[in-house]
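>>> give me a model of this one.
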Amino acid sequence: MPPGSTKATRHTTAGEISVRTERRTQLLDVTAGVAKMVQDSGVQSGICYVYVPHTTAAVLINESDDPAVAADIEGALARLVPQNAGYRHVEGNSDSHIKAALVGSCATIFIGAGQLELGRWQGIFFCEFDGPRTRRLRVKIVAD
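Down below sits the predicted model:
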């Protein structure tokens with residue numbers, strides 16, 4: 001680096017949240033845990049990445065004020081992708097893989113003023129499609 005130049009450094013924090021599900025299909029609101037990680041990181045402005053390293057689980061952002069919305073999403077996915085529909089995968093959880101593929105394995109949330117910039121009704125949900133299990137939710141927080 002030439003004398004007198006400065007190199008911008010980015011503050012990055014990474015960690016995991018352990019998630020324990022109780023049903024085969026279950027949407028769990030993990031917003032508070034992710035928000036605590038952002039607060040603890042000290043990042044005031046940046047990006048929060050949330051990633052699920054499992055092929056039969058996912059993450060989504062949706063309404064968290066009314067628990068009926070999560071139940072409706074679970075029900076709609078069950079109707080769209082039934083558990084027993086003559087799939088070829090021998091483990092018997094093809095519907096779980098398909099649901100995870102449809103929902104997705106990651107979410108990105110802006111951070112402003114040290115907080116997640118979610119909409120008024122939004123929350124972050126861990127989506128279990130092959131439980132009950134103990135799972136990992138990876139979180140990376142990157143400052144601007």
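>>> is the residue most central in space within the chain within a helix or a strand, and which one?
Of all residues in the chain, the one closest to the mean position by CA atoms, centre = their mean is Val59, 3.3 Å from it. Using DSSP states H and E, Val59 sits within strand 57-63.
>>> residues of the next helix or strand after that strand that come out buried?
Once strand 57-63 ends, the next helix or strand along the chain (criterion: DSSP H and E) is helix 67-80. Using 16 or more other CB atoms under 10 Å as the burial criterion, the residues of helix 67-80 that qualify are Val69, Ala70, Ile73, Glu74, Leu77. Where C-beta positions appear, they are placed from N, C-alpha and C, glycine not excepted.
>>> quick one: low-confidence ranges for the protein?
Segments of the chain classed as low confidence (criterion: pLDDT under 70) are 1-10.
>>> show me where it has strands.
Secondary structure of the chain by DSSP state E: the strands cover 12-20, 26-29, 45-51, 57-63, 106-112, 115-116, 122-128, 134-143.
>>> and the ones you listed as JSON lines, adding distance to Asn93?
What follows is the strands of the chain, written out as JSON lines (distance: least, CB to CB, whole Å):
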{"stretch": "strand 12-20", "distance to Asn93": "18"}
{"stretch": "strand 26-29", "distance to Asn93": "14"}
{"stretch": "strand 45-51", "distance to Asn93": "21"}
{"stretch": "strand 57-63", "distance to Asn93": "11"}
{"stretch": "strand 106-112", "distance to Asn93": "21"}
{"stretch": "strand 115-116", "distance to Asn93": "31"}
{"stretch": "strand 122-128", "distance to Asn93": "12"}
{"stretch": "strand 134-143", "distance to Asn93": "14"}
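>>> any idea how far Arg88 is from Ser94?
7 Å (CB to CB, to the nearest Å).
>>> more neighbours: which of these two?
Using other CB atoms under 10 Å, the more surrounded residue of Arg88 and Ser94 is Ser94, with 18 against 5.
>>> still on that earlier bit, want to try a markdown table for the buried residues of helix 67-80, with distance to Thr134 as columns?
Output for these, formatted as a markdown table (distance: CB to CB, whole Å):
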| residue | distance to Thr134 |
| --- | --- |
| Val69 | 25 |
| Ala70 | 20 |
| Ile73 | 22 |
| Glu74 | 20 |
| Leu77 | 22 |
